[in-house]
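Visitor: Pasted the sequence and its predicted model underneath.
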Amino acid sequence: MKTIESHAHGQPWRSLASAAGIWRVWSLRLLLAGGLAASTWADAAPVGSTATNPVAHAPSLLPGNGLAQHPFLYTGEWDHRFTNQTIYLVQAGRVTWSYSIPIKDADGTLQELGDATRLANGNIVFCRKVGASEITPDHKIIWNLDAPRGTEIHSIQPLGLDRVLVTQNGNPAKLMLINIVTGQTEKELTLPVAHPERSPHLQFRRVHQTKAGTYLAAHLADNKVVEYDADGKAIWTYATKGPWSATRLDNGNTLISSYHSTVLEVNPQGRVVWQFSEKDIPEYQCFIFQEASRLANGNTVICNWCPADLKDPKLWPGTVQVLEVTPAKKVVWALSQWNHPDLGPASSIQLLDEPGVPENGELQR
């Protein structure tokens with residue numbers, strides 16, 4: 001196994017009936033011990049892309065075209081202002097579809113929307129911490145997995161239209177390839193974590209298969225990104241603080257986002273070849289960088305998640321939820337959408353104008 005040090009910082013199957021203090025990695029444990037809620041939405045609401053900037057979170061005039069910049073699928077975790085969590089589909093500058101789940105499931109367990117992908121057939125595969133599902137455009141759940149008690153699901157990736165790759169945080173943590181037609185788990189690998197006996201919440205957020213068939217895992221609590229081969233053997237490791245997501249780029253490099261307001265592009269030898277952080281855009285307030293993806297044009301899109309840093313949700317409006325930056329680190333799109341509609345915090349975004357078929361692993365995200 002090659003280790004590289006950083007120079008930067010059987011399942012139950014059934015139908016589904018969902019201040020500006022800076023808190024960083026470990027303080028999120030305390031935050032998540034509280035309640036969770038979700039945002040409401042306004043169907044076919046106007047663009048309304050101007051930030052309110054009550055405490056100068058960002059420039060008063062934001063670059064780009066607000067909701068009309070890209071068509072996209074959007075989810076966010078821990079919007080504790082409301083009683084539902086909502087997935088949004090935005091097209092032509094308007095919300096054209098949404099789906100909400102209660103803040104807590106029937107057992108009173110907190111739900112969190114995280115990884116989500118819209119397939120070529122229009123269905124959406126998503127996870128909600130206590131499970132994962134596939135839903136049709138007419139809101140029919142056609143597949144569902146409930147996470148066993150004491151486990152969490154924050155990562156799901158469609159592989160074709162009949163299989164999904166699910167990461168189940170727990171003791172042990174598992175990577176499972178599931179056939180959603182038969183309900184069978186076709187492959188199961190144990191993902192080693194430093195302290196499996198502890199709370200599973202911060203073990204993983206993104207674990208996705210690469211085009212080469214390997215698995216790239218962002219070990220959030222263990223401060224490293226590891227690539228595993230098809231048999232679960234670690235073949236590449238990069239140490240970095242609080243990695244949220246990791247994707248293998250077409251050039252062979254790895255794009256990593258972190259809790260520390262940083263995105264790194266690391267080559268196979270472990271050298272940082274591109275880096276973006278809050279220092280590059282002092283006019284914006286940056287928070288926890290969750291999902292990051294590289295676009296076909298070379299730009300990078302970043303989810304800038306604020307709830308852990310801004311304890312008072314009244315301060316969230318005016319913050320920028322999504323940033324698109326060029327290789328030269330110029331911000332060309334900054335989305336601050338907290339009313340008409342209120343999209344809530346950003347954890348995951350899939351731009352629908354990118355080339356490729358999502359379920360065929362052709363998109364960088």
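Guide: All right, it came through fine.

Visitor: Next, find the distance separating Gly183 from Tyr228.
Guide: 25 Å (C-beta to C-beta, to the nearest Å). The way it works is simple: take the backbone N, C-alpha and C, and place the C-beta from them, glycine included.

Visitor: Compare neighbour counts for these two and give me the winner.
Guide: Per other C-beta atoms under 10 Å, whichever of Gly183 and Tyr228 has more neighbours is Tyr228, with 22 against 11.

Visitor: wait, what's in contact with that one?
Guide: Leu175, Leu189, Leu191, Thr214, Tyr215, Ala217, Ala234, Ile235 (C-beta atoms under 8 Å, 6 or more residues apart in numbering).

Visitor: List buried residues within the residues you listed.
Guide: Buried residues within the contacts of Tyr228, counting neighbours by 16 or more other C-beta atoms under 10 Å: Leu175, Leu189, Leu191, Thr214, Tyr215, Ala217, Ala234.

Visitor: ok, of those, which one's closest to Ser348?
Guide: Ala217 (16.8 Å; C-beta to C-beta).

Visitor: what about the closest one, which SS state?
Guide: Here Ala217 takes the strand state, with states given by DSSP: H, G, I helix; E, B strand; the rest coil.

Visitor: was I right about it contacting Gln209?
Guide: No. In this structure Ala217 lies outside contact range of Gln209 using C-beta atoms under 8 Å: 10.4 Å.

Visitor: Now stretch 306-324: buried residues?
Guide: Quick answer for stretch 306-324 (16+ other C-beta under 10 Å): 306-310, 313, 315-324.

Visitor: Which residue ranges of this protein form helices?
Guide: In the chain, the helices defined using DSSP state H lie at 27-31.

Visitor: Low-confidence bits of it, can you list those?
Guide: 1-56, 362-365 (pLDDT under 70).

Visitor: one more time with 50, if that's ok
Guide: 1-54 (pLDDT under 50).

Visitor: Dead centre of it: give me the residue that sits there.
Guide: Residue closest to the average C-alpha location in the chain (C-alpha atoms, centre = their mean): Ser348, at 3.6 Å.

Visitor: Any figure for the gap between that one and Asn339?
Guide: 21 Å.

Visitor: Test my guess that Ile142 contacts Val125.
Guide: No. Using C-beta under 8 Å, Ile142 makes no contact with Val125, being 10.2 Å away.

Visitor: quick one, which of those two is more surrounded?
Guide: Counted by other C-beta under 10 Å, Ile142 and Val125 do not tie: Val125 has more neighbours, with 23 against 12.

Visitor: Which parts of the stretch 51-200 of the chain are strands?
Guide: 72-75, 84-91, 94-102, 116-118, 124-127, 131-135, 141-146, 152-158, 163-169, 173-179, 185-191 (DSSP state E, counting those that start in this stretch).

Visitor: Repeat that for the stretch 201-350 of the chain.
Guide: 204-209, 215-219, 224-228, 234-239, 243-248, 254-258, 262-266, 272-277, 288-294, 300-305, 322-325, 331-335, 348-351.

Visitor: how about TSV for the ones you listed, with distance to Gln69 added?
Guide: Listed next are the strands of the stretch 201-350 of the chain as TSV, based on distance: least, C-beta to C-beta, whole Å:
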stretch	distance to Gln69
strand 204-209	23
strand 215-219	26
strand 224-228	29
strand 234-239	31
strand 243-248	21
strand 254-258	20
strand 262-266	19
strand 272-277	18
strand 288-294	15
strand 300-305	10
strand 322-325	7
strand 331-335	5
strand 348-351	9
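
Visitor: sorry, back to before: and the buried residues of stretch 306-324, which two are the farthest apart?
Guide: Pro313 and Glu324 (24.9 Å).

Visitor: just checking, Ser277 touches Ser257?
Guide: No. Using C-beta under 8 Å, Ser277 is not in contact with Ser257; the gap is 10.7 Å.

Visitor: Need the residues touching each of those two.
Guide: Counting by C-beta under 8 Å, 6+ apart, the residues touching both Ser277 and Ser257 are Val263.

Visitor: Give me the more crowded residue out of these two.
Guide: Neighbours were counted for Ser277 and for Ser257 using other C-beta under 10 Å; Ser257 has more, 28 against 17.

Visitor: Bridge partners for the nearest residue to that one once chain neighbours are set aside, pull those for me.
Guide: Excluding the flanking residues, the one nearest Ser257 by C-beta to C-beta, 6 or more residues apart in numbering is Ala292, at 3.7 Å. Beta bridges link Ala292 to Ile302, judged by DSSP bridges.

Visitor: Tell me if I'm right that Ala292 and Asn304 touch.
Guide: No. Ala292 lies out of contact with Asn304 (C-beta under 8 Å); the separation is 10.0 Å.

Visitor: overlap in contacts of the two?
Guide: Joint contacts of Ala292 and Asn304 (C-beta under 8 Å, 6+ apart) do not exist.

Visitor: Specify the beta-bridge partners of the residue nearest to the centre of the chain.
Guide: Where Ser348 sits in a bridge, its partners, by DSSP bridges, are Thr75.
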